[in-house]
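>>> Predicted coordinates and the sequence they were generated for:
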Amino acid sequence: DGGITQSPKYLFRKEGQNVTLSCEQNLNHDAMYWYRQDPGQGLRLIYYSQIVNDFQKGDIAEGYSVSREKKESFPLTVTSAQKNPTAFYLCASGPLEGWAEAFFGQGTRLTVV
Amino acid sequence: GNSVTQMEGPVTLSEEAFLTINCTYTATGYPSLFWYVQYPGEGLQLLLKATKADDKGSNKGFEATYRKETTSFHLEKGSVQVSDSAVYFCALRTGGADGLTFGKGTHLIIQP
């Protein structure tokens, strides 16, 4: 089945640690996105990528980093510089065409302990 | 820039009631419009979409019509079920590289 796989589903991080969230898609989509979801704030864009080896900052990129070494993969690292990392993180992918929807993974819930 | 405004929740209805969730937008350019649904602990699923003015998107009894003159895309369903309880997001895309712009979401609660 084609789709987007995020792992792990739950992740716990100690303060001061970096953690990496995985996102893999087999839909052959060019564009990939990372969103952060907090209660009552909707989805906020962290980073996005249109092509391998290229990515751009979204609205809340501070404290995060990404890579796009393969078309299928777009991992997100939450660094120790992110002051409030506890949130639900959603990865999405989609065609570049402006009329097209994005497809979402099941999300990773990150908790700082 | 682009923005989406939707009614804040929670919206609580009884089963079989009529549902309307309002969505209005501001966009630079000519957007495509979407409704997504999110069940607890899960990602977003596309519910329906419309890509040009006067288009009606429909799925699972839900409908929304792209109204360019009022910049709106209100979600409706004639008879809701308990299983429709979820968070609903209105979104738009204008073809920019940064993808979709989302509203803050409306939490819908259907009581039996």
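Done, it's in.

>>> Quick one: low-confidence residue ranges for chain B.
Applying pLDDT under 70 to chain B flags no residue at all.

>>> what residues does it put near chain A?
B:32, B:34, B:36, B:41-46, B:49, B:51, B:89, B:93-100, B:102-105 (CB under 8 Å from any CB of the partner chain). For the C-beta atoms, the positions are set from N, CA and C on the backbone; glycine is no exception.

>>> Swap in 7 Å and give it another go.
Contact residues, chain B versus chain A (CB under 7 Å from any CB of the partner chain): B:32, B:34, B:42-44, B:46, B:49, B:51, B:89, B:93-95, B:97-100, B:102-105.

>>> from those, which ones fall inside strands?
Under the assignment DSSP state E, these contribute B:32, B:34, B:44, B:46, B:49, B:89, B:93, B:102 to strands.

>>> what two of those are the furthest from one another?
Using CB to CB, the pair of these lying farthest apart is B:32 and B:44, separated by 15.7 Å.

>>> Any regions of chain A where pLDDT drops low?
For chain A, the stretches with pLDDT under 70 are A:1.

>>> For residue A:34, which non-adjacent residue is spatially closest?
Counting by CB to CB, 6 or more residues apart in numbering or on different chains, residue A:34 lies nearest to residue A:46, which is 4.3 Å off, once chain neighbours are set aside.

>>> count of residues packed around whatever residue of chain B ends up closest to chain A?
Residue nearest to chain A within chain B (CB to the nearest CB): residue B:95, separated by 2.4 Å. Applying other CB atoms under 10 Å in any protein chain shown, we find 14 residues neighbouring residue B:95.
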